[in-house]
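Trainee: Sequence first, then the predicted structure:
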Amino acid sequence: MEYLDVDNSNCSLGRTVELVGQPWVVLILREVVWGVHRFSDMQAHMGVSKSVLSARLDHLVEHGVLERRDYQEPGQRKRFEYHLTEKGADLYPVLSALRQWGDKYLAGPEGPSLLITHKDCGGSVGVKLMCEHGHEVPLAELERRPGPGMRVRAAA
């Protein structure tokens with residue numbers, strides 16, 4: 001079956017982009033990954049408007065990527081911190097792949113602003129396409145097969 005004959009309305013990539021493709025979402029996830037959990041800290045560090053940040057955080061909580069946790073400073077009202085759920089943590093390879101691509105093609109002449117390394121050995125951490133048997137797979141060796149959710153596109 002040709003790719004153009006496939007109905008892509010239930011495409012996993014399309015659904016993922018709908019979830020994380022809104023402006024600021026990937027950067028909010030970056031902040032939470034690196035330990036910025038409070039709204040005011042995120043807003044100040046990123047320079048995003050409060051209304052946009054609030055809407056994006058609500059979106060990520062609604063979709064189970066982040067969870068809200070209560071906290072309260074002495075003498076202050078109760079507020080929320082935002083933490084990754086398992087679903088959110090599973091997005092880290094996606095974020096890492098985007099960072100890796102940016103380091104290669106978009107970093108300034110002085111190089112990337114951060115280096116991500118393995119705490120135990122100090123080795124650089126990167127993302128590679130690997131099959132379930134541990135083989136690194138170049139783009140030219142990828143094969144597309146029908147999955148259980150594949151639908152044929154309706155004739156126009």
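Mentor: Great, that's in hand.
Trainee: wait, doesn't residue 70 sit right on residue 78?
Mentor: Yes: the pair residue 70 / residue 78 is scored as a contact, 5.6 Å apart, by Cβ atoms under 8 Å. In this view, the C-beta of every residue, glycine as well, is placed from N, C-alpha and C.
Trainee: part of a strand, is residue 70?
Mentor: Yes: the assignment for residue 70 by DSSP: H, G, I helix; E, B strand; the rest coil puts it in a strand.
Trainee: what about residue 148, helix or strand, and which?
Mentor: According to DSSP states H and E, residue 148 maps onto no helix or strand at all.
Trainee: Tell me, how many residues neighbour residue 100?
Mentor: Neighbour count for residue 100, taken as other Cβ atoms under 10 Å: 18.
Trainee: just residue 29 next, same as before
Mentor: 23.
Trainee: give me the low-pLDDT residue ranges for this structure?
Mentor: Counting by pLDDT under 70, the chain contains low-confidence residues at 156.
Trainee: Swap in 80 and give it another go.
Mentor: Applying pLDDT under 80 to the chain flags residues 1, 155-156.
Trainee: which residues in it form strands?
Mentor: In the chain, the strands defined using DSSP state E lie at 6-7, 66-71, 79-84, 151-152.
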